[in-house]
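**Student:** Requesting a structural model of the entry that follows:
(chains A and B)
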Number of protein chains: 2
Amino acid sequence: MPKIIDRIKAFQKDNADKKFFSFEYFPPKTEAGVRNLQTRLDKMCSINPLWIDVTWGAGGSTCDTTLEICESALECCGVDVLMHLTCTNTTTESLRVVLERCKEKGLCNILALRGDPPKDQENWVATEGGFNNASDLVKFIRAEFGDYFCIGVAAYPEGHIENDDREQDTQYFVDKVNAGADFAITQLFYDNKTYLDYCKKVQGMGVPKDFCIFPGIMPIQSYGGFTRMTEFCKTFVPQEIKDALEPIQNDDVAVKEYGIELGVKMARELLLGGCPGIHIYTLNLETSAMSIVRELGLVDDSKASRGKPWKGSNVRNRQKEDVRPIFWAQRGRSYIERTRAWDDFPNGRFGSIESPAYGEFQYSGWSGVSAKEKEARKEQWQFEGVAGLSKTFVDFLKGENNVKTLPWCPERPGDETTCLRKQLIKLCNAGYLTVNSQPRVNGAISTDPLFGWGPPRGVVYQKAYVEFFCSPEGLDKIAKGFTKEKYPEVTYIAVSKDGTVKSNEDVDELAITAVTWGVFPGQEVQQPTVVDFHSFMAWKDEAFTLWNDWYEAMPTGDANRELLNNVRDTWYLVNIVDNNFLCGDLFVNMGEMVTGLAK
Amino acid sequence: MPKIIDRIKAFQKDNADKKFFSFEYFPPKTEAGVRNLQTRLDKMCSINPLWIDVTWGAGGSTCDTTLEICESALECCGVDVLMHLTCTNTTTESLRVVLERCKEKGLCNILALRGDPPKDQENWVATEGGFNNASDLVKFIRAEFGDYFCIGVAAYPEGHIENDDREQDTQYFVDKVNAGADFAITQLFYDNKTYLDYCKKVQGMGVPKDFCIFPGIMPIQSYGGFTRMTEFCKTFVPQEIKDALEPIQNDDVAVKEYGIELGVKMARELLLGGCPGIHIYTLNLETSAMSIVRELGLVDDSKASRGKPWKGSNVRNRQKEDVRPIFWAQRGRSYIERTRAWDDFPNGRFGSIESPAYGEFQYSGWSGVSAKEKEARKEQWQFEGVAGLSKTFVDFLKGENNVKTLPWCPERPGDETTCLRKQLIKLCNAGYLTVNSQPRVNGAISTDPLFGWGPPRGVVYQKAYVEFFCSPEGLDKIAKGFTKEKYPEVTYIAVSKDGTVKSNEDVDELAITAVTWGVFPGQEVQQPTVVDFHSFMAWKDEAFTLWNDWYEAMPTGDANRELLNNVRDTWYLVNIVDNNFLCGDLFVNMGEMVTGLAK
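**Tutor:** Numbers count the residues shown, from 1 in each chain, chains lettered A, B, ... in the order given. As a prediction, the model looks like this:
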């Protein structure tokens, strides 16, 4: 995991005109809250913040939570992580222990802060055997760990609330820079001029011109929250903002919208003024932060910039990972968790790990699900009988009747699914409940906005793939249709919950099949996605267990609960690969097969 | 390395109507003779005999030579090897030592023979502590090594010369079969009826019908040799053969031609009669044996049946080898020898071996070259000045003026070179002396007779590649032409004998490039041929040293000797890869570049 400062420099070198953004979070107090935040992080990291940071739960149990969230984000979200660390209620010895743990985990970015006063104190007091200010902490990290850590510090454009002496306060900042800080993030402000003046001022006091001070923006989420926060921080609020908020203060939606509008306005001015990026205090909320960076045009939705078709992990031992089974395409976090114990990761060929032992799937049911999400699920997944079940899958594909997720598909259908939508709807209507698929691609350029991945001037390929649940009778049609005689290039594998396997191949002789690969200038052929029998067996446990998510959404005693149990216990999970990537017609052939319309 | 008997069974199962052939050799007495034989083996194994066998140099130093040739064939020719072993002049203890060594090397096929009497004895005598006959040897191998070895034995359709009792002699054969032999090869004969009667007879005595007794055919190479051999072996020669040879006995060429004709006639009759294959006593000679199997249609010249674009090694530790650098495409034996010390072989990706350490190139100069080959080289490689040098390369490409080989190209240009011939001739005429090349292929079926390899229903690809020597001035044109700005997808690397490197890329950042790859049903992507900078550096030492072969061909004091030294010491070896396998036009672009004709 590289240092954030190196990442910034590389980013600026490669994209002189491109700006970046980063997101800040705080550690939730409950376990369910942490699980919620993790789901949110997965989603927010998918738009590629340059880093995320997590505040330090000063001295309490939440500092363990901070470490846990940071480590999990690093491992599962493929993002750089900046961990806050404060001097509050702590000794140099315990700071050393924390930093050693960070080093061990590969967390190499620290935001060094003095921190708020301890809860029972009104004014700041240093702990015995601890530090009195952030520059001491910076010096300590540099003295004890040399250049291992990239160190960020805080900047207070309006001065620190505890210090009325602005000159001394600014000098404190210069001291932190001189002590070895790599960059700074400002406290929140609502007046860009304050920020710009501050930057000029510290430069006059010896801070180098190229030392980055990132503006921290806190989108207004609610009138009450905004008022409390600005009062607590003694933040200057320009009259124009007060005037805008005053008439809408009781309209939560309008306040939120204004918050986004203001955030975009402030950020745009700062970025045009030369700031390389903006830092957003998300307060663990998704909508405002995501909307602001989207409106600023900082999100690259094109898939072309993907290094791989899937988002990798950022921990050191997974750096070389460059191939994964397709089954977890929509459940990356689960894949990472279930392969956490692996010593090595497949490099180029999945076969290099002999019989990979997947960890058990840890099903946490509805316990970590937010109340809002619970309601959403109940609303989405109501149905009547098998036909209703099929219709729910169709609604998901169509984006109708509020069906935005399925237990196996936590996000709306991607563009690749959308381009197969008509065919998939046909299959779902016929009782083949599709959960994963990709079309055949016989050579798209690697910068193709839909199918592209990897470096420029490459050519990428895919074999058609579909995965679905179907009844034993449904499977019979597949088995009769996709015989090796008639379709020598099509391979299907079906498995039931209890592990009964059916296939048109001898599964003991099945090798690993590459279903996504790319050819690039000056490289070996990359094959980041594969279908492999042993992984499929590991995935089926997870896939069948996820029916329980649906079961929970049905009212107790509902007849459909029984139906869902029956589906889980007797249906098959099936995957089909069409090896003919040149001109195979998997979806059309299968559609005709299952609807009984002969060619 | 599988057992020959398993190979035969698999072969018969896969190709019920297809017949096979095998070649027998004897160990030469001199080191130069051994080197000659190795070159011949490389060539003869390229047409895929099902196995080769080497006779046992009974008790003398030549038994070490037998082992050496067998091991080398196994390692370098990618062929199954059947080693003869006799009881002559040996004890059970020394036989055990030999068999242990075979086991260690993976030589698992033994032809168990009693052997000729010791040289100083007229009649057979068993060595003290040794065996008296072949069935004892078979029993010993089975008792000591269980089923590890596949054991062949000899059959004497005309009876063993030392035994006038035909019944007893046939019983000896049945004893060998009962002792655990897997198959048999007959002594030479010239009357098919003798063979067919013999097979029937032993079957009547209990030898199973499916026990294979392969007919051994010794093509008549010269009248004198044939007469001596048939007299020594007391072989029955039908009158019709005597009548045919009598009038041509002094015409060596005619005798040889008759030998081929007779061999084809006998073999065809045997194969049509149900023999699964024929065994040829080559007497270490190439022409007759190769002609016979070609005329019988037993040679599959289509490249489509290749498992890989190159012929692999058959030793155990190289079984998983599935990628090689392109540089040794025409010098496979050298590649194997220089990588002999590797513990592991790249599996799928060449990058899996970090900084492979190539062994030194052992240049043996002209010392192992046969007199005939020396004469051929001198005749082929005469030239006058740089223009004459270019012309020799052109002659090689055209197959004119008897230029059949070059130091870097021991065989005539392959079909892939031929399809680029016009473009390559243009380059050679312009002073770019090409030694290796392949055209771009954007997806050919894997059964394509020219470009195909690997299992059926696959699709294979190639990037255009060319490798040549050129003068420093010639390299300037390449460097000015193939700039990264104009040809972002073309990479060249040039190196001089002293190791000066020039490239349009930063060579420290060059990764490994796949130049041949294939996509197959139910498999990961195969990439058997790569271009890699470190391997190129190892190859360049070999490539520059091979100029010495040419130097030796020039008369002492010849002015062209100086020219060749100059070329070796100041010219560059260059390789160029065009990464645009979809529509790049490497050869046309380069042709225009070096001849100065702008597009």
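**Student:** Please make it C-alpha for all contacts and neighbour counts, starting now.
**Tutor:** OK.
**Student:** list the helices and strands the longest helix belonging to chain A packs on?
**Tutor:** Ranked by number of residues, the top helix in chain A under DSSP state H is helix A:252-272. When contacts are defined as 3 or more Cα pairs under 8 Å, 6 or more residues apart in numbering or on different chains; DSSP states H and E, helix A:252-272 sits against strand A:277-281, helix A:287-295.
**Student:** other SSEs contacting the helix or strand just after the last one?
**Tutor:** Translated: helix A:287-295. Once the chain leaves helix A:287-295, the next helix or strand it forms, by DSSP states H and E, is strand A:324-325. On a contact count with 3+ Cα pairs under 8 Å, 6+ apart, strand A:324-325 meets strand A:526-531.
**Student:** Not counting the strand it packs on itself, show me its contacts.
**Tutor:** For strand A:526-531, the external contacting residues (Cα atoms under 8 Å, 6 or more residues apart in numbering or on different chains) are A:308-309, A:322-327, A:348-350, A:512-519, B:524-525.
**Student:** So which bits of the helix or strand bottoming out on mean pLDDT in chain A are buried?
**Tutor:** One helix or strand of chain A scores below all others by mean pLDDT, DSSP states H and E: helix A:415-418, with a mean of 82. Using 16 or more other Cα atoms under 10 Å in any protein chain shown as the test for burial, helix A:415-418 gives A:T417.
**Student:** what's the spacing between it and its chain's center?
**Tutor:** Using Cα atoms, centre = their mean, to the nearest Å, the mean C-alpha position of helix A:415-418 is found 19 Å from that of the whole chain.
**Student:** How about stretch A:477-497?
**Tutor:** 36 Å.
**Student:** Quick one: end-to-end length of that stretch, please.
**Tutor:** Terminal residues of stretch A:477-497 are spaced 20 Å apart (Cα to Cα, to the nearest Å).
**Student:** So which bits of that stretch are buried?
**Tutor:** Here stretch A:477-497 shows A:478-479, A:481-483, A:487, A:489-497 as buried, counting by 16+ other Cα under 10 Å.
**Student:** same check, this time on stretch A:230-245
**Tutor:** Per 16+ other Cα under 10 Å, stretch A:230-245 contains these buried residues: A:235, A:245.
**Student:** go on, stretch A:520-536?
**Tutor:** A:520-536.
**Student:** for stretch A:274-290, same thing?
**Tutor:** Within stretch A:274-290, the residues scored as buried using 16+ other Cα under 10 Å are A:275-284, A:288-290.
**Student:** just stretch A:213-232 next, same as before
**Tutor:** Judged by neighbour count (16+ other Cα under 10 Å), stretch A:213-232 contains these buried residues: A:213-223, A:226.
**Student:** and what of stretch A:102-114?
**Tutor:** Applying 16+ other Cα under 10 Å to stretch A:102-114 flags A:102, A:105-114 as buried.
**Student:** now it, how far from the centre of its chain.
**Tutor:** Per Cα atoms, centre = their mean, the centroid offset for stretch A:102-114 relative to its chain is 20 Å.
**Student:** Would you mind extracting the C-alpha trace of it into PDB?
**Tutor:** Output in PDB follows, covering the C-alpha atoms of stretch A:102-114 (Å, rounded to 0.1, in the frame of the first residue of the first chain):
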ATOM      1  CA  CYS A 102      -0.700  -0.300  11.800                       C
ATOM      2  CA  LYS A 103       2.700  -1.100  10.400                       C
ATOM      3  CA  GLU A 104       2.000  -4.800  10.700                       C
ATOM      4  CA  LYS A 105      -1.300  -4.400   8.800                       C
ATOM      5  CA  GLY A 106       0.200  -2.200   6.200                       C
ATOM      6  CA  LEU A 107      -1.800   0.900   7.300                       C
ATOM      7  CA  CYS A 108       0.900   3.500   6.500                       C
ATOM      8  CA  ASN A 109      -1.000   6.800   6.500                       C
ATOM      9  CA  ILE A 110      -1.700   8.600   9.800                       C
ATOM     10  CA  LEU A 111      -3.400  11.900  10.500                       C
ATOM     11  CA  ALA A 112      -1.600  13.100  13.600                       C
ATOM     12  CA  LEU A 113      -3.800  15.200  15.900                       C
ATOM     13  CA  ARG A 114      -3.700  16.500  19.400                       C
END
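**Student:** quick revisit: with respect to B:E552, which of the helices and strands packed on helix A:252-272 lies nearest?
**Tutor:** The closest of the helices and strands packed on helix A:252-272 to B:E552 is strand A:277-281. By Cα to Cα, the value is 68.6 Å.
**Student:** and the angle from that closest one to helix A:287-295?
**Tutor:** 170 degrees (axes from the mean of the first three to the mean of the last three Cα atoms, to 10 degrees).
**Student:** Strand A:277-281: partners in the sheet, and parallel or antiparallel?
**Tutor:** Take DSSP bridges as the rule and strand A:277-281 pairs in its sheet with strand A:20-25 (parallel), strand A:216-217 (parallel).
**Student:** Could you pull out the strands in the stretch 101-250 of chain A for me?
**Tutor:** In the stretch 101-250 of chain A, the segments counted as strands under DSSP state E, counting those that start in this stretch are A:109-113, A:150-155, A:183-186, A:213-214, A:216-217.
**Student:** Show residues contacting the third one.
**Tutor:** For strand A:183-186, the external contacting residues (Cα under 8 Å, 6+ apart) are A:5, A:151-157, A:177, A:211-216, A:279.
**Student:** Greatest separation within the residues you listed: which pair is it?
**Tutor:** Longest span within the contacts of strand A:183-186, Cα to Cα: A:I5 and A:P157, 21.4 Å.
**Student:** who's more crowded, those two?
**Tutor:** A:P157 (26 against 16; other Cα atoms under 10 Å in any protein chain shown).
**Student:** Check whether the more buried one really touches A:Y198, as I assumed.
**Tutor:** Yes. Here A:P157 reaches A:Y198: they are 5.4 Å apart, a contact under Cα atoms under 8 Å.
**Student:** Leaving aside the residues adjacent along the chain, what's closest to A:N132?
**Tutor:** Closest residue to A:N132 apart from its sequence neighbours, by Cα to Cα, 6 or more residues apart in numbering or on different chains: A:A126 at 5.0 Å.
**Student:** list the contacts for the one you found?
**Tutor:** With Cα under 8 Å, 6+ apart, A:A126 has these contacts: A:87-89, A:132.
**Student:** Next one: A:E485 from chain B, what distance?
**Tutor:** As defined by Cα to the nearest Cα, to the nearest Å, A:E485 lies at a distance of 14 Å from chain B.
**Student:** Around chain B, which positions in chain A sit nearby?
**Tutor:** A:348-349, A:457, A:489, A:491, A:510-514, A:517, A:520-525, A:527, A:530, A:579-580 (Cα under 8 Å from any Cα of the partner chain).
**Student:** which of the strands paired with strand A:277-281 is buried the deepest?
**Tutor:** strand A:216-217 (a mean of 24; mean count of other Cα atoms under 10 Å in any protein chain shown).
**Student:** roughly how far out does that strand sit from the chain middle?
**Tutor:** 21 Å.
**Student:** on that earlier part again, turn the helices and strands packed on helix A:252-272 into CSV, including mean pLDDT.
**Tutor:** Converted to CSV, these look like this (pLDDT from 0 to 100):
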stretch, mean pLDDT
strand A:277-281, 96
helix A:287-295, 95
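**Student:** Turn the ones you listed into JSON lines, columns for distance to A:A244.
**Tutor:** Shown next, in JSON lines, are these (distance: least, Cα to Cα, whole Å):
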{"stretch": "strand A:277-281", "distance to A:A244": "21"}
{"stretch": "helix A:287-295", "distance to A:A244": "18"}
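**Student:** Out of the ones you listed, flag the one nearest A:R561.
**Tutor:** Nearest to A:R561, of all these, is helix A:287-295, at 34.1 Å by Cα to Cα.
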